[in-house]
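Peer 1: Starting from these lines, generate the structure:
(chains A and B)
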Amino acid sequence: MTMVHRETVLENRPLAPGADLYRLVLRGKVAATARPGQFVHLKVGNSTDPLLRRPLSIAGIDRDKGEITLFYRVAGRGTALLTGVRAEESLSVIGPLGNGFTVPAAGELLLVAGGIGLFPLVALAAAVDRARVKVKVLWGGENRKFIEIVGREALFPLRVDYAVATMDGSMGIRGPVTDLLRAELRGKDLLQEEEGCAETGCQESHCRDLAPVTIVDGKTRNGPGMIRAAACGPQGMLQAVTGLLLQAGVPVEVALEERMACGVGACLGCACTVRTADGALARKRVCRDGPVFGGREVIWDDRD
Amino acid sequence: MTGIDLTTRLGPLQLKNPVLTASGTYGFGEEYKAFYDPSLLGAITVKGITPWPRRGNPAPRVAETPAGMLNAVGLENPGLEAFLTACLPRLERLNTPVIVNISGFSLDDYALLAAAMPEDSCIAALEVNISCPNVKDGGLAFGTDPKRAEEVLAVTRRHTRLPLIAKLSPNVTDIAVMAKAVENGGADIISLINTLLGMRIDIKTGRPVLGNLMGGLSGPAVLPVAVRMVYQVYQVVKLPIIGMGGISSWQDAVEFMLAGATAVSIGTANFVNPMAPLEIIEGLEAYCREKGYTAVGEIVGRAHRR
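Peer 2: So this is what the prediction gives:
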């Protein structure tokens, strides 16, 4: 009945020569029950330093082969140690853990990713029935090099519709992914300009373009054309993305990240704050109650 | 091969084996059910309960350290009422003795908590937490002043017949003085150590890592401090000791028992190896067999023999 598995490493290599991003493929029991949005808690070595496991989101699930694909960035001593693990070796893995994304059966699914927040979202893109669900990925990254090496491994093979934004403008539009999202929502007539023109009856182009739009219920609520979204990335990006989507009436699920110890809900180390149905604020455990939360319920800047 | 007698007597508390889980590392007992049956343990200790619900400290609440970790959860808990109505019935179904950790900010808080805990449930004992380092008032204040520690135990004693475990803080100059104080106050058992107050600073941002700035250090890093304190406390009180602080293997557990602990609690090790408590029970049994002991209690205090 244990959930601690020994999984065999099939592959553990940098995405490009010298890159600090790695792809890790494991074969074992986790794949049989893993869902998009869930994570595994990995032990990176046998010593007590570093002591804790490392949570990594699941980016690919191949049930038939019993394989999961994970990606990680070398960010500290734990992930640096992980790079030394070779194919054929085994790793202690707890999982799959967490709740996972809702997998829509029909309609449109907008996936909004910031940087390596792409990884759990590609698992979701791969899980939907694309004959019935139209998937589009909006992805922001530092520059062309990042988008190319990560995209080649994680996104492009999925053959989904996507658009990218880079901070330096070297690929796609220049700016954050929120700019892509704003354009996407406007294109769907779901978003009005946040800052209206002060002039009543103004006929300048910036106002004519933004004639008041009515949000069509059938498009955002249940129905064949329903649009949903899922997002993952740095907290500031998630907060902005969630704000835009909610303003547009598009329900969004967000995958949160927090420092974790146990990974199973026992230590209360990875707290986030949510507003419950009755309006009260409550702490939730990112590892156990999440990592996926409804965008509407998350309180982003709780400081007390 | 004869079986080793693992039964463990801690004053009024009789347990099937000497391996427990530490408060704050085992939720309310449900989280590790997916790994093994908690009734295999001597007892489980649940998260500290306060009279009123507490949302605890803002994130980040944990930080890794060399061979250890800091935590500053801040006693997040559902409060007494929700504990009794929601948590306790679920704990009842685990079929294992439950130690409830109670935390207060005044003597009245401890009295209220003790009086409210049923004496005819799965609750086998109360662990009086006078050592939480992560809250502003109370907590540690009671745990560093022997007179106040004695008072807390005396007040709690008057409000329950359940066995009382006094959980001591290592953040004191003389642990022996604190141990004697809680013995005088009416504790039946002493547990130690709680976490050592620590801090980490992020050199990129220049700011403390934890939302609460400081937190409690646990894990293998604190083990020698804890062993030393168990050894010192064993010399000055008659009460049985539950030893804890960085135990992650049966070898660590043996070390604590040699120092004078009758039972041991597993804390941070649960996060790394959820199976650790069971492996430690098996390891203790094998150690006794190898040493020719018939009961696990024969290990206790041997380091004090000349």
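Peer 1: pLDDT value on whichever residue of the stretch 151-300 of chain B sits closest to chain A, please?
Peer 2: Chain A sits closest to B:Phe271 of the stretch 151-300 of chain B, with a gap of 4.1 Å, by CB to the nearest CB. Yep, even glycine has a C-beta here, placed from its N, CA and C like the rest. pLDDT, B:Phe271: 97.
Peer 1: Surely it touches A:Arg54?
Peer 2: No - using CB atoms under 8 Å, B:Phe271 is not in contact with A:Arg54, being 11.9 Å away.
Peer 1: more neighbours, these two?
Peer 2: Neighbour count, other CB atoms under 10 Å in any protein chain shown: between B:Phe271 and A:Arg54, B:Phe271 has more, with 26 against 21.
Peer 1: quick one, helices of the chain?
Peer 2: Here I'm looking at chain A. In chain A, the helices defined using DSSP state H lie at A:30-33, A:77-82, A:118-127, A:144-150, A:177-187, A:205-208, A:217-220, A:235-247.
Peer 1: meant chain B, my bad for not saying
Peer 2: For chain B, the helices defined by DSSP H occupy B:79-82, B:88-92, B:107-116, B:140-144, B:146-158, B:175-185, B:223-236, B:250-259, B:269-272, B:276-291.
Peer 1: Give me the angle between the fifth one and helix B:107-116.
Peer 2: Note on geometry: by axes from the mean of the first three to the mean of the last three CA atoms, to 10 degrees, helix B:146-158 and helix B:107-116 are set 30 degrees apart in direction.
Peer 1: Tell me which of the helices of chain A lies nearest to chain B.
Peer 2: Between the helices of chain A, helix A:77-82 lies closest to chain B; by CB to the nearest CB that is 7.9 Å.
Peer 1: buried set for that closest one?
Peer 2: By 16 or more other CB atoms under 10 Å in any protein chain shown, the buried positions in helix A:77-82 come out as A:Gly78, A:Thr79, A:Leu81, A:Leu82.
Peer 1: ranking the helices of chain B by mean pLDDT, which is last?
Peer 2: helix B:140-144 - the lowest mean pLDDT of those, at a mean of 80.
Peer 1: And the contacts of that helix?
Peer 2: With contact meaning CB atoms under 8 Å, 6 or more residues apart in numbering or on different chains, helix B:140-144 is reached by B:104, B:130-133, B:148-149, B:152, B:167-169, B:171-172, B:178, B:194, B:197.
Peer 1: Show me what from chain B comes close to chain A.
Peer 2: Listed as neighbours of chain A in chain B under the rule CB under 8 Å from any CB of the partner chain: B:24-27, B:31-32, B:34-37, B:47, B:55-69, B:71, B:73, B:76, B:219-220, B:248, B:268, B:270-275.
Peer 1: Try it again at 7 Å.
Peer 2: Residues of chain B lying close to chain A (CB under 7 Å from any CB of the partner chain) are B:24-27, B:31-32, B:34-36, B:55-56, B:58-64, B:66-69, B:71, B:73, B:76, B:219-220, B:270-272, B:274-275.
Peer 1: Against A:Ala127, how distant is the nearest residue to B:Asn212 once chain neighbours are set aside?
Peer 2: Nearest residue to B:Asn212, sequence neighbours excluded (CB to CB, 6 or more residues apart in numbering or on different chains): B:Ala72, at 3.6 Å. The gap separating B:Ala72 from A:Ala127 is 37 Å, by CB to CB, to the nearest Å.
Peer 1: What residues does the residue lying farthest from the centre of chain B make contact with?
Peer 2: Note on chain B: the largest C-alpha distance from the chain mean falls to B:Lys204, namely 35.0 Å (CA atoms, centre = their mean). With contact set as CB atoms under 7 Å, 6 or more residues apart in numbering or on different chains, B:Lys204 has no partners.
Peer 1: In the stretch 51-200 of chain B, which residue sits nearest chain A?
Peer 2: For the stretch 51-200 of chain B, CB to the nearest CB, closest residue to chain A: B:Val62, 3.8 Å.
Peer 1: Endpoints of stretch B:199-209, how far apart?
Peer 2: Chord length of stretch B:199-209, first to last residue, is 8 Å (CA to CA, to the nearest Å).
Peer 1: Quick check: buried residues in it?
Peer 2: Neighbour counts over stretch B:199-209 (16+ other CB under 10 Å) mark B:Met199, B:Arg200, B:Pro208, B:Val209 as buried.
Peer 1: From the chain's centre, how far out is it? Work that out for me.
Peer 2: Put simply, stretch B:199-209 sits 29 Å off its chain's centre (CA atoms, centre = their mean, to the nearest Å).
Peer 1: Average pLDDT for it, rounded please.
Peer 2: If you average the pLDDT over stretch B:199-209, you get 95.
Peer 1: likewise stretch B:65-75?
Peer 2: 95.
Peer 1: Convert that stretch to CSV, retaining C-alpha atoms only.
Peer 2: Output of stretch B:65-75 as CSV, limited to C-alpha atoms (Å, rounded to 0.1, in the frame of the first residue of the first chain):
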residue,chain,number,x,y,z
THR,B,65,19.4,23.8,5.9
PRO,B,66,22.5,21.5,6.0
ALA,B,67,21.1,18.1,7.1
GLY,B,68,18.0,19.8,8.4
MET,B,69,15.2,22.2,7.8
LEU,B,70,13.6,25.3,9.4
ASN,B,71,9.9,25.6,9.8
ALA,B,72,7.7,28.5,10.9
VAL,B,73,4.2,27.2,10.4
GLY,B,74,3.0,29.2,13.4
LEU,B,75,0.6,26.7,15.0
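Peer 1: What residues sit buried inside it?
Peer 2: Neighbour-count burial for stretch B:65-75 flags B:Thr65, B:Ala67, B:Gly68, B:Met69, B:Leu70, B:Asn71, B:Ala72, B:Val73, B:Gly74, B:Leu75 (criterion: 16+ other CB under 10 Å).
Peer 1: Quickly check those residues for the two that are furthest apart.
Peer 2: B:Ala67 and B:Leu75 (25.3 Å; CB to CB).
Peer 1: residues near the residue lying closest to A:Val40 once chain neighbours are set aside, how many?
Peer 2: Nearest residue to A:Val40, sequence neighbours excluded (CB to CB, 6+ apart): A:Gly95, at 3.5 Å. A:Gly95 has 27 neighbouring residues, counting by other CB under 10 Å.
Peer 1: tell me which parts of the stretch 51-200 of chain A are close to chain B?
Peer 2: Counting by CB under 7 Å from any CB, the stretch 51-200 of chain A comes close to chain B at A:Leu51, A:Leu52, A:Arg53, A:Ile94.
Peer 1: for the last one, what are its contacts?
Peer 2: Listed by CB under 7 Å, 6+ apart, the contact set of A:Ile94 reads A:Met3, A:Val4, A:Val40, A:His41, A:Arg53, A:Gly263, B:Pro274.
Peer 1: From what I see, the last one and B:Ala34 are in contact.
Peer 2: Spelled out, it's B:Pro274. No - between B:Pro274 and B:Ala34 there is no contact under CB atoms under 7 Å: 8.6 Å.
Peer 1: Who has more neighbours out of the two?
Peer 2: Between B:Pro274 and B:Ala34, counted using other CB under 10 Å, the more crowded position is B:Pro274 (23 against 13).
Peer 1: List the residues that contact the nearest residue to the more buried one once chain neighbours are set aside.
Peer 2: Once flanking residues are discounted, B:Pro274 sits nearest to B:Phe35: 4.4 Å by CB to CB, 6+ apart. Contacts for B:Phe35 (CB under 7 Å, 6+ apart) come out as A:Thr2, A:Met3, A:Val4, B:Pro274, B:Met275.
Peer 1: Tell me which of those residues fall in strands.
Peer 2: In this view, the contacts of B:Phe35 that belong to strands under DSSP state E are A:Val4.
Peer 1: Put together a markdown table for the contacts of B:Phe35, with pLDDT and distance to A:Gly172 on each row.
Peer 2: As requested, the contacts of B:Phe35 are exported to a markdown table (pLDDT from 0 to 100; distance: CB to CB, whole Å):
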| residue | pLDDT | distance to A:Gly172 |
| --- | --- | --- |
| A:Thr2 | 55 | 45 |
| A:Met3 | 86 | 40 |
| A:Val4 | 94 | 42 |
| B:Pro274 | 96 | 43 |
| B:Met275 | 96 | 47 |
